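Novice: just the structure for this:
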Amino acid sequence: MATTSTEPPNPQPWPSRKTRLASRTAASRWLVVIIRTARRIGSRGWAWALGLLLGGSLGNLTDRMVREPGPGRGHVVDFIDYFGLFIGNVADIAIVGAAVLIGLLALRGIGVDGKHPHHGRHEAAE
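Specialist: Numbers count the residues shown, from 1 in each chain. Here you go, the predicted model:
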C-alpha cells in the first residue's frame, strides 16, 4: 500500500524569485552603505567593525551567488557547531562580531569619525 501526502503541492519553491531578488537588492544596498561609510572612519574600532561586517556579508553573498543549485539560489555552507545551540560559518562569526563591536562603540559614544559627541555641553555665546 503506497502512502500519499495529504499536503497540497507547493506551486512555488521557497524562497520565491521575488524574495530572492529583494534579498540580493537589500544586501547589495547595505554593502554600498558600508563602503560609503568606510570613507569617514576615524577610529580603529569602527574600521574593525565595518571590515568584519563587510567581509561576512561578502562571504555569505558570494556563497549565494556561486554555490549550487545556481546563481542567486546557492546554499551558504554552515559547518561550525556551537555546542548544539546553532550551526554557523566564518562569515556568520564575522557578522556577529561586528554587531557586538558596533554595540560597544555605540555604548561608549564613539562615532564613525572617532570622536565623542559632547552631549549636554554648550559653550556660552560671547
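Novice: and stretch 86-98, what's buried?
Specialist: In terms of neighbour count (16 or more other Cβ atoms under 10 Å), stretch 86-98 has its buried residues at 88-89, 91-92, 94-95, 97-98. Bear in mind the C-beta positions are built from the backbone N, C-alpha and C, glycine included.
Novice: I should have written stretch 43-62 there, sorry.
Specialist: Buried-residue list, stretch 43-62, by 16+ other Cβ under 10 Å: 43, 45-46, 48-57, 59-61.
Novice: report the mean confidence score over that stretch.
Specialist: For stretch 43-62, mean pLDDT rounds to 89.
Novice: and the contacts of it?
Specialist: 24, 27-28, 30-31, 34-35, 37-38, 41, 76, 89-95, 97-99, 101-102, 104-105, 110-114 (Cβ atoms under 8 Å, 6 or more residues apart in numbering).
Novice: check contacts around residue 108.
Specialist: So residue 108 contacts residue 116 (Cβ under 8 Å, 6+ apart).
Novice: state the distance from it to residue 45.
Specialist: 8 Å (Cβ to Cβ, to the nearest Å).
Novice: so the residue most central in space within the chain is in which element?
Specialist: The centroid of the chain falls nearest to residue 57 when counting by Cα atoms, centre = their mean (4.9 Å). Counting by DSSP states H and E, the element that carries residue 57 is helix 44-66.
Novice: moving C-terminal from that helix, which element do we reach first?
Specialist: strand 80-81.
Novice: and that next one, which strands flank it?
Specialist: In the sheet, strand 80-81 lines up against strand 87-88 (antiparallel) (DSSP bridges).
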